[in-house]
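S.K.: fold the following, please.
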Amino acid sequence: ALAKLHLADGLSTEMANGKVFVGFRTEAPTFKPTFKVERACDLSYVEKRVPSWCDRVLWKSLPGFVDDITPTLYEACTAYKTSDHKPI
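M.R.: Numbers count the residues shown, from 1 in each chain. Next up, the predicted model:
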């Protein structure tokens, strides 16, 4: 199910096409989409919206140091319950 959403992920598509955030990198989300969820719930989605990832972590490094950046934690903060999205 996540693989199908990854194919439709607008940010990844636009980055791969060189249209946005040129030179930046991000990890592919390995967690469930964080938008649009019911408030006061963990990851219960609003049926009228297609689930998506709204918060992302992007990075860019100096030339020669691109491979020196290693993300150590990339997940949704599901305990945050006051919004219709979950922060990363």
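
S.K.: what's in contact with the lowest-mean-pLDDT helix or strand in the chain?
M.R.: Least confident helix or strand of the chain, by mean pLDDT, DSSP states H and E, is helix 2-7 with a mean of 84. For helix 2-7, contacts defined as CB atoms under 8 Å, 6 or more residues apart in numbering pick out 12, 28, 29, 30, 32, 33, 51, 52. C-beta: built from backbone N, CA, C; applies to glycine.

S.K.: now, the residues you listed that are in helices?
M.R.: residue 12 (DSSP state H).

S.K.: confidence-wise, which of the contacts of helix 2-7 comes last?
M.R.: The pLDDT minimum for these sits at residue 51, where the score is 80.

S.K.: from residue 76, how far out is it?
M.R.: 12 Å (CB to CB, to the nearest Å).

S.K.: picking that back up, residue 22: which of the contacts of helix 2-7 is nearest?
M.R.: For the contacts of helix 2-7, the closest approach to residue 22 (CB to CB) belongs to residue 12, at 13.8 Å.

S.K.: quick one: contacts for that closest one?
M.R.: Contacts for residue 12 (CB under 8 Å, 6+ apart) come out as 6, 26, 28.

S.K.: ok, now which ones touch residue 25?
M.R.: Applying CB under 8 Å, 6+ apart, the residues contacting residue 25 are 58, 59, 60, 66, 69.

S.K.: filter the contacts of helix 2-7 down to the buried ones.
M.R.: Buried members of these, scored by 16 or more other CB atoms under 10 Å, are 12, 29, 32, 33, 51, 52.

S.K.: phi, psi for the residue in the chain sticking out farthest from the centre please.
M.R.: For the chain, the largest distance from the centre (CA atoms, centre = their mean) belongs to residue 64, which lies 25.8 Å off. The phi and psi values for residue 64, taken as degrees, to the nearest 10, are phi 90, psi -10.

S.K.: okay, and the common contacts of residue 51 and residue 76?
M.R.: residue 32.

S.K.: residue contacts, residue 77?
M.R.: 86, 87, 88.

S.K.: which among those end up buried?
M.R.: Buried members of the contacts of residue 77, counted by 16+ other CB under 10 Å: 86, 88.
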